[in-house]
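Sequence plus predicted model, see below.
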Amino acid sequence: MAEITVVNVVASASIGKELMLQDIAFQLEGAEYDQDRFPGLIYKLKEPKTAVLIFRSGKVVCTGARSIPNVHIAINKVVAKLRKLKMPVHDEPDIVIQNIVATTNLESTLNLIQIAMSLGFENVEYEPEAFPGLVYRMADPKVVLLLFGSGKMVCVGAREVNDIKNAVRNIKHELRTAGLLRED
């Protein structure tokens, strides 16, 4: 199977009850908070390199992680920092993966016009004047694939790494069956 590279994992979690963002911004070094521009506090971690958005409701969104374990590390680091500041946070945040973005190379040039016709226009958007890639909304697994003429592919909308593996396997099978994937 082609090498799959996870480039972003987005997750949400409930880490506590109502949080006083102004207090956190004042005490947490590096926190960015401007309620007139954005309703959440932005806290960037160097390791793992992520950004965690903290909202007054006690919800957080972590973005930029390169793996699911890194999401857990990042959110738990933020919870530990908030606990040190005496903020009302849960012991075990309930972390939910919302989106995994990954890239791969199908290792074959792709004729996107033929692929658009083969996959069916109801599931495909291809307007090369507006965007060079073909957008394919796959039903199973429920992900969106961006296919490029170079053979590069981006998968978005997965909630598990297995969804990405299945999407790569399924698109290769569909393209091979249609005679549109040349593998050396």
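Received it, and whenever you're ready, just let me know what you need.

got the domain boundaries for the chain?
With domains defined by the TED database, the chain comprises 10-96, 105-176.

Out of those, which gets nearest to residue 4?
Of all the domains of the chain, domain 105-176 sits nearest to residue 4, with 5.7 Å by CB to CB. For the C-beta atoms, the positions are set from N, CA and C on the backbone; glycine is no exception.

which residues in this protein form helices?
Here the chain has its helices, by DSSP state H, at 21-27, 68-84, 112-119, 161-177.

Now tabulate the domains of the chain in TSV and tack on mean neighbour count and distance to residue 182.
TSV is the format used below for those (neighbours: other CB atoms under 10 Å; distance: least, CB to CB, whole Å):
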stretch	mean neighbour count	distance to residue 182
domain 10-96	17	31
domain 105-176	16	5
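
can you list these in a markdown table and add mean pLDDT?
Compiled in a markdown table, the domains of the chain are given as follows (pLDDT from 0 to 100):
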| stretch | mean pLDDT |
| --- | --- |
| domain 10-96 | 96 |
| domain 105-176 | 96 |
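
can you redo these as CSV with distance to residue 2?
Formatted as CSV, these follow (distance: least, CB to CB, whole Å):
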stretch, distance to residue 2
domain 10-96, 18
domain 105-176, 6
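
For the residue lying closest to residue 6 once chain neighbours are set aside, list the residues it contacts.
Excluding the flanking residues, the one nearest residue 6 by CB to CB, 6 or more residues apart in numbering is residue 102, at 4.8 Å. By CB atoms under 8 Å, 6 or more residues apart in numbering, the contact set of residue 102 is 4-7, 154-155, 158, 161, 164.
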